[in-house]
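Enquirer: okay, predicted coordinates and the sequence, questions at the end:
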There are 2 protein chains.
Amino acid sequence: MINRDVVVKIMKGGNVFAEHIGNTLQPYGLSLQQFNVLRILRGRNGAAASLESVTGDMIHRMSNTSRIVDKLLEKGLVERVLCPENRRKVNIFITQRGLKLLKKIDRVINQTEETLTASLSKQEMDQLLQLLNKINFYNTKYTK
Amino acid sequence: MINRDVVVKIMKGGNVFAEHIGNTLQPYGLSLQQFNVLRILRGRNGAAASLESVTGDMIHRMSNTSRIVDKLLEKGLVERVLCPENRRKVNIFITQRGLKLLKKIDRVINQTEETLTASLSKQEMDQLLQLLNKINFYNTKYTK
DNA sequence: CTACAACAGTTGTTAATACAATGATAAATA
DNA sequence: TATTTATCATTGTATTAACAACTGTTGTAG
């Protein structure tokens, strides 16, 4: 059953990758999900990032993203700013300290990511990415 | 950064797939991991399946596999048999009831797996699988 | 044979996650 | 405008997972 093989392989692969990256992050006191939030925020380049929009780029429900932000806040890596236009919203920003930490981590994460994909040539990676992009990884749990 | 794109895509894809399959299993009262254990046991065709060897096919540490088996035991879906040759080992077997439940679930899981991969042709799936098989998804946490 | 190390599995504990319920604000509608 | 409904986020709670410590068994070195 080729469908099953593909699905199982991707699930297992995702978990293994997550484990390795999590191990890489451990010395820096960040969980994989905390790291994800920081990278998402950096990617916004200062644009407003409501909790909802951040959750949209993650694998979590909003309730848990909220608590992940709590942890980052305790460490001074992000800021929470009530949105004045819509006081239901909360905008999250990465701090200088957060950016600095990310910069430091970037190197080792790059190394880990390269190691994890070392068995593929550039062409194969292109090809793989193209195939993966055809799959609609639609997550149903953004909003709750 | 193509390495990063591949790694991130597989991690996210794995999570999304797991979520969908988990949703499919919910009406049957099985978690994804309980289902994994059952499928692994069925795949052994009655061959001895120590807890350690089952853990080897999973994404978990043995301690958690042990508790997943507890749950399956409560439901009468597996049996625990102390290994007489080596009394440290415990062999796990799937029961008739477990096989019956799996058989029922197979249909809907097949459906879900097909839906998840519907955007790929047979050739593309072959190609994708071939590329994924080049990656060494080596998990470091089997034994603990 | 005894002592010590390694192995297979279980139990304890804390942190992370899923899911439900709530709170506060904004939007829609009567 | 008053009332209802929808939106955005947080809090509560039970389940699941990671990690460490422990139990019982086997292997091995002296």
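Expert: Good, I have the coordinates.

Enquirer: give me the buried positions along stretch A:103-111.
Expert: A:105, A:109 (16 or more other CB atoms under 10 Å in any protein chain shown). Where C-beta positions appear, they are placed from N, C-alpha and C, glycine not excepted.

Enquirer: pull the residues that contact that stretch.
Expert: Around stretch A:103-111, the neighbours that count as contacts under CB atoms under 8 Å, 6 or more residues apart in numbering or on different chains are A:21, A:24-25, A:28, A:30, A:35, B:1, B:3-4.

Enquirer: need the contact list for A:Leu73.
Expert: A:79-80.

Enquirer: mean confidence for the one helix or strand it maps to?
Expert: With elements taken from DSSP states H and E, the one containing A:Leu73 is helix A:62-74. Across helix A:62-74, pLDDT averages out at 96.

Enquirer: just how off-centre is that helix within its chain?
Expert: 13 Å (CA atoms, centre = their mean, to the nearest Å).

Enquirer: the helix or strand that that helix is followed by pairs with which strands?
Expert: Elements were assigned by DSSP H and E; along the chain past helix A:62-74, the next helix or strand is strand A:78-82. Taking DSSP bridges as the criterion, strand A:78-82 forms sheet pairs with strand A:90-94 (antiparallel).

Enquirer: give the next helix or strand downstream of the partner strand.
Expert: helix A:96-116.

Enquirer: may I have the longest helix seen in chain A exported as PDB, CA atoms only?
Expert: Longest helix in chain A by number of residues (criterion: DSSP state H): helix A:2-25. Listed next in PDB are the C-alpha coordinates belonging to helix A:2-25 (Å, rounded to 0.1, in the frame of the first residue of the first chain):
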ATOM      1  CA  ILE A   2       1.900   3.000  -1.300                       C
ATOM      2  CA  ASN A   3      -0.400   5.600   0.200                       C
ATOM      3  CA  ARG A   4       0.200   4.100   3.600                       C
ATOM      4  CA  ASP A   5       3.900   4.000   3.100                       C
ATOM      5  CA  VAL A   6       4.100   7.600   2.200                       C
ATOM      6  CA  VAL A   7       1.900   8.700   5.100                       C
ATOM      7  CA  VAL A   8       3.700   6.600   7.700                       C
ATOM      8  CA  LYS A   9       7.100   7.600   6.400                       C
ATOM      9  CA  ILE A  10       6.300  11.300   6.600                       C
ATOM     10  CA  MET A  11       4.900  11.000  10.100                       C
ATOM     11  CA  LYS A  12       7.900   9.100  11.400                       C
ATOM     12  CA  GLY A  13      10.300  11.400   9.600                       C
ATOM     13  CA  GLY A  14       8.700  14.400  11.000                       C
ATOM     14  CA  ASN A  15       9.000  13.100  14.500                       C
ATOM     15  CA  VAL A  16      12.600  12.100  14.100                       C
ATOM     16  CA  PHE A  17      13.500  15.500  12.700                       C
ATOM     17  CA  ALA A  18      11.700  17.200  15.500                       C
ATOM     18  CA  GLU A  19      13.600  15.100  18.000                       C
ATOM     19  CA  HIS A  20      17.000  16.000  16.600                       C
ATOM     20  CA  ILE A  21      16.200  19.700  16.300                       C
ATOM     21  CA  GLY A  22      14.800  19.600  19.900                       C
ATOM     22  CA  ASN A  23      18.100  18.100  21.100                       C
ATOM     23  CA  THR A  24      20.000  20.800  19.300                       C
ATOM     24  CA  LEU A  25      17.900  23.400  21.100                       C
END
